[in-house]
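[1] Okay, structure incoming, though there's no sequence with it:
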């Protein structure tokens, strides 16, 4: 299965609203988004799906019953991410 655009990941329905992707590393990498989760501000992360390489194929992670979803970061971690958006960088081989 091809890369899942994180702007289209809106599950579970009724919990994710006002989704704004703040970083998308593309196929086989991760995405970070701000959103409203159950009516409260939240920051979510997920591994994008794709066909590249052996890791993170298909729908990406997390997913529930074959539907891509977000992992909601705990507030202390979400605050760090929001305070340091420049830290959201592509996973380049030289950066590992």
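    Yep, it's here. Please read these numbers as outputs of a predicted model, since none were measured by experiment.
[2] what's the helix or strand hosting residue 82 packed up against?
    Using DSSP states H and E, residue 82 sits in helix 75-83. Helix 75-83 sits against strand 40-47, with contacts defined as 3 or more C-beta pairs under 8 Å, 6 or more residues apart in numbering; DSSP states H and E. For glycine as for every other residue, the C-beta is placed from the backbone atoms N, C-alpha and C.
[3] and for the strand it packs on, what are the contacting residues?
    6, 9, 16, 29-37, 56, 60-62, 68-73, 77-78, 81-82 (C-beta atoms under 8 Å, 6 or more residues apart in numbering).
[4] Please identify the buried residues of the helix holding residue 82?
    Under the neighbour-count criterion of 16 or more other C-beta atoms under 10 Å, helix 75-83 has 78, 81 buried.
[5] so residue 15 touches residue 37, yeah?
    Yes. Residue 15 is within contact range of residue 37, at 5.7 Å (criterion: C-beta atoms under 8 Å).
[6] Any regions of this structure where pLDDT drops low?
    Confidence mapping of the chain against pLDDT under 70 gives the ranges 1, 52-57, 90-96.
[7] can you map out the strands along it?
    Taking DSSP state E as the criterion, the chain contains strands spanning 16-24, 30-37, 40-47, 63-64, 67-68, 71-72.
[8] Make a markdown table out of these and add mean neighbour count and distance to residue 86.
    Converted to a markdown table, the strands of the chain look like this (neighbours: other C-beta atoms under 10 Å; distance: least, C-beta to C-beta, whole Å):
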| stretch | mean neighbour count | distance to residue 86 |
| --- | --- | --- |
| strand 16-24 | 15 | 10 |
| strand 30-37 | 19 | 12 |
| strand 40-47 | 18 | 15 |
| strand 63-64 | 14 | 29 |
| strand 67-68 | 18 | 26 |
| strand 71-72 | 14 | 22 |
